[in-house]
Every structure is written in C-alpha cells, then in structure tokens.
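Chemist: Coordinates only, no sequence provided:
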C-alpha cells in the first residue's frame, strides 16, 4: 500500500515540477532539472524551449497532463541536444573546415544584418513630406501607410547604394574582370582591396559548376560577396559584438553535423536501403480500409432485438441514431467512416474481416458494449514498392539506430535527472511526516 502511494506522490510531484506550477513558480529561482557531463539544464532553459516550441500559443489551454507531457518531452530533447553537442566536440567537429566556414558565414551574416538594420533606423520622413502625404491621402489610412512604406523603401535603397559605393572607394576595391575566363581556378583572385580578398572559389562552387558560368553572373556574385564583406567590416569597426549569437549557433549546429555524420554511417548508400526494405517487407504494406457502420448498445438482449429488426428491413443507421450508446456513432447515425484493417478492438476487427459488403454481423461483445456491424465498401490493401517509400525507409533506418546511439552517449558523458532526485527526496520527507497513511 505504501509503495503505491509513494509512487503516486512521486508521479504527482514530477508532474508539478515539470509544469512549473503556474505563475508562482514562474517567478521562483531557476531549478536544475538535469545534468549532462559538467553542464546543467535549468527550468529557465526549459521554459524558453516551451516558449519557442510550435505549441507555445496552445500551452495555456492544455490540461495539466498534456502540459507535463510536453515539458517532459522538451526536457528530454534538451538533454539529447547537449549529449550530441558534447560528443561533437569530442570528435573535433568544431575544428573541421566545413564548420569553420559555416561559422564564418554566420558571423558575416549577423554583422551585415545588424549594420543594415541600423541603416534603416536612420531613415526618417521629412516633416513637410509627411504633411503633404497627410493632405493628399486624408481619410485613407491604408493609402497613407503604403505611401510612407514606399518612401522609406526608396530612401533605404538609395542610402544602401551610397553606403556601398563609399565603402568600395574607402577600401579601394578593384575587380579583375579579365581573369573571369575559361581555366580560372578556385584560388584565382577576382576582386581585392584594402583588407578584402575574394577568390573565384569564394563565389562559385566548382563541384556544382565544373565549367565556368556566365562571366556576368560571376561578376554579380562578386559584388554581392564584396557588399557582405564590406558591411561586416564596417559593423566590426563600430564595435558590434556577435559572440553570443555565434555561441548559440555552435550549440545548435554541431549536434546537427554530428547527426549528419552518423546518418551517413547508418544509411551508407542505396543498396543498404534496399536490403533493409527487403528484410522488412511489412513497412510497405498498405492495410485494407473499410467504410464501417456500427450500432452499440448496453445489453446483448437489446442488441439481438435490434439485429432482428435490421435483418427484417430497418436501417442500421437510423437505429444507431436512436439507440447507440457511443456518442460519436450516435451523432453520425452509425457511420464510423473509414477504418484501417487491424485498428480498433481485435474482436471488432475479426468480425469486420469476415463480413461481405452490406452484410450484418452477429452481435459482438467488447468492454464498450454489444456491437452490430456492417461494411459499406472496401478499399483493398497492397504493397508499396521501394521507390514509393524510399524517404520513409531512410527515416526508419535512422530511428532504429538513434535510440541505442543516444544510450551510449548517456553512458559516456553521464546524465543525472535532478528533477527525479528532487521529487524522490520530497517524497521521503512526506512519508516521514506521516503523509503516507
């Protein structure tokens, strides 16, 4: 008896801790929920994960069990992400040329966006221009808003072009147009200036374009790259710091890169996927679908009487609308829609499998009541070929290996669930104080 009560208390406390217990705990000090290696995952991090999840807007409308389930799932995901991050660093992925290049592109992009946002903030509509707009578009708020937006867009375009031109002149940027010709290599310098060096390989992927593309297209890419580098440098000179954003990028990107590496091992080629498909033929199986009618009542005697009336010519669907104890079926007058083979109660599935279309079943007993069934029509099953489910096969192969792999990482790096330990400790206190009566 005590064991059962203690389990209930522990379960309830876990639920409360994962829920955050509403506004009171929302303002409390952040708690450590789990430890992965030397790092901790806190209730603040979990709250941020909830806020950024697709369910954020629905969260407050969920019941407590659903909220606890969502928080528990997100906590597990946070732990998984940290495990993958630690393993990625153990494997040195942060030092690979691919990651270093991605990190640099992220840095440049962040600096560029910051500088351009500041440029937009400098734009204002002169008072006399704004007054003229109001006079011309009086009584038309949508037209006024559109006019203001158009003015700001044109002003930004002009300011951006002037800024880029100024930076090009400041850095004495030179385009070597004569070098854009057949035979150009990835190391060929096509544009340079004070602190700026752009090679052919920086703007053209030779693997994707083994033959040099149109020179005008290459020039456009060069000027786009130059704009990025010049604006990023200008932002740096203003003292813009994007180190925190880059740290977040690393924490998100390294786990993804590790998974990409492992997936390449787990699903090495097309032949491996075909072999898996041949070893798991059920994955391509299409179940038969049946359009089912059903009437459910509380006693066998009533069911037998209603079945007699149906066989005598009355409509199962009309009777289901009057007598069925299943709210869904009664509302729809017994039309249960399309049901896949193998779904639902086994006794009902067996009864349906043995029916011809339009035939009325014998009375079938389940814990829900006494059922009378019919099949209106069927959509036959079949077997989908490899090509039709290729992507599904890949995902199943990855899922098959991911669980054991994460279990290995837990053993290697160590995971401690503080939320469980805390709840268990509180349970012991409750028991000691006489709460387990």
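Modeler: That came through, no problem. Since the model is a prediction, treat every value here as computed from it, not as a measurement.

Chemist: okay, CA-based contacts and neighbour counts for the rest of this
Modeler: Fine.

Chemist: Helices along the stretch 151-300 of the chain, start to end?
Modeler: 200-203, 215-237, 243-266, 270-279, 300-311 (DSSP state H, counting those that start in this stretch).

Chemist: Just the buried positions in stretch 171-186, please.
Modeler: 173, 179-180, 185 (16 or more other C-alpha atoms under 10 Å).

Chemist: Of the residues you listed, which pair is most distant in space?
Modeler: Spatial extent of the buried residues of stretch 171-186 (C-alpha to C-alpha) is set by the pair 173 and 185 at 20.8 Å.

Chemist: Could I get the buried residue list for stretch 191-208?
Modeler: Neighbour count says stretch 191-208 has 191-193, 198-200, 202-204 buried, by 16+ other C-alpha under 10 Å.

Chemist: Show me which of those is closest to residue 81.
Modeler: Among the buried residues of stretch 191-208, and counting by C-alpha to C-alpha, the member closest to residue 81 is residue 202, at 31.6 Å.

Chemist: Which strands or helices does the helix or strand that contains residue 79 pack on?
Modeler: Using DSSP states H and E, residue 79 sits within helix 64-90. Helix 64-90 is packed against helix 2-19, strand 32-36, helix 43-52, helix 243-266, helix 390-413, with contacts defined by 3 or more C-alpha pairs under 8 Å, 6 or more residues apart in numbering; DSSP states H and E.

Chemist: immediately after it, which helix or strand?
Modeler: Next element after helix 64-90 (DSSP H and E): helix 97-121.

Chemist: What is the helix or strand following that following helix packed up against?
Modeler: Downstream of helix 97-121, the first helix or strand assigned by DSSP H and E is helix 127-136. If you count contacts as 3+ C-alpha pairs under 8 Å, 6+ apart, helix 127-136 packs onto helix 141-170.

Chemist: Need the three-state assignment for residue 371.
Modeler: strand (DSSP: H, G, I helix; E, B strand; the rest coil).

Chemist: again with residue 362
Modeler: Residue 362 - assigned by three-state DSSP - is coil.

Chemist: ok so, going back, distance to residue 220 and pLDDT for the buried residues of stretch 191-208 - can I get that in a markdown table?
Modeler: Formatted as a markdown table, these follow (distance: C-alpha to C-alpha, whole Å; pLDDT from 0 to 100):
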| residue | distance to residue 220 | pLDDT |
| --- | --- | --- |
| 191 | 12 | 96 |
| 192 | 15 | 96 |
| 193 | 17 | 95 |
| 198 | 13 | 97 |
| 199 | 14 | 96 |
| 200 | 12 | 95 |
| 202 | 13 | 95 |
| 203 | 10 | 95 |
| 204 | 11 | 94 |
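
Chemist: out of the helices of the stretch 151-300 of the chain, nearest to residue 387?
Modeler: By C-alpha to C-alpha (comparing all of the helices of the stretch 151-300 of the chain), the closest turns out to be helix 270-279, at 9.5 Å.

Chemist: From residue 321, how far out is the residue lying farthest from the centre of the chain?
Modeler: The centre of the chain is farthest from one residue, residue 312, which by C-alpha atoms, centre = their mean lies 54.9 Å away. Note on residue 312: its distance to residue 321, by C-alpha to C-alpha, to the nearest Å, is 18 Å.

Chemist: just residue 207 next, same as before
Modeler: For residue 207, the distance to residue 321 - C-alpha to C-alpha - is 67 Å.

Chemist: Tell me who's in contact with residue 409.
Modeler: 83-84, 87 (C-alpha atoms under 8 Å, 6 or more residues apart in numbering).

Chemist: roughly how far apart are it and residue 382?
Modeler: 40 Å.

Chemist: Same question for residue 249.
Modeler: 46 Å.

Chemist: more neighbours, these two?
Modeler: residue 249 (15 against 11; other C-alpha atoms under 10 Å).

Chemist: close enough to count as contact, residue 37 and residue 413?
Modeler: Yes - between residue 37 and residue 413 a contact is recorded at 5.1 Å, counting by C-alpha atoms under 8 Å.

Chemist: For the residue nearest to residue 164 when sequence neighbours are not counted, grab the count of nearby residues.
Modeler: Distance criterion C-alpha to C-alpha, 6 or more residues apart in numbering; nearest residue to residue 164, sequence neighbours excluded, is residue 227 at 6.6 Å. The number of residues packed near residue 227 is 19, by other C-alpha under 10 Å.

Chemist: pLDDT wise, what is residue 227 at?
Modeler: On pLDDT, residue 227 comes in at 97.

Chemist: Surely it and residue 166 touch.
Modeler: No - look at residue 227 against residue 166 with C-alpha under 8 Å: they stay out of range, at 11.1 Å.

Chemist: What is the neighbour count of residue 62?
Modeler: 12.

Chemist: Let me know the pLDDT of it.
Modeler: 85.

Chemist: Same check on residue 127?
Modeler: 94.

Chemist: Would you mind measuring from it to residue 300?
Modeler: Separation of residue 127 from residue 300 (C-alpha to C-alpha) stands at 85 Å.

Chemist: Which one's more surrounded, the two?
Modeler: residue 300 (16 against 9).

Chemist: In contact with the closest residue in space to that one that isn't next to it in sequence, which residues are there?
Modeler: Leaving aside its sequence neighbours, residue 300 sits nearest to residue 370 (C-alpha to C-alpha, 6+ apart; 5.9 Å). Going by C-alpha under 8 Å, 6+ apart, residue 370 touches 296-300, 303, 363-364.
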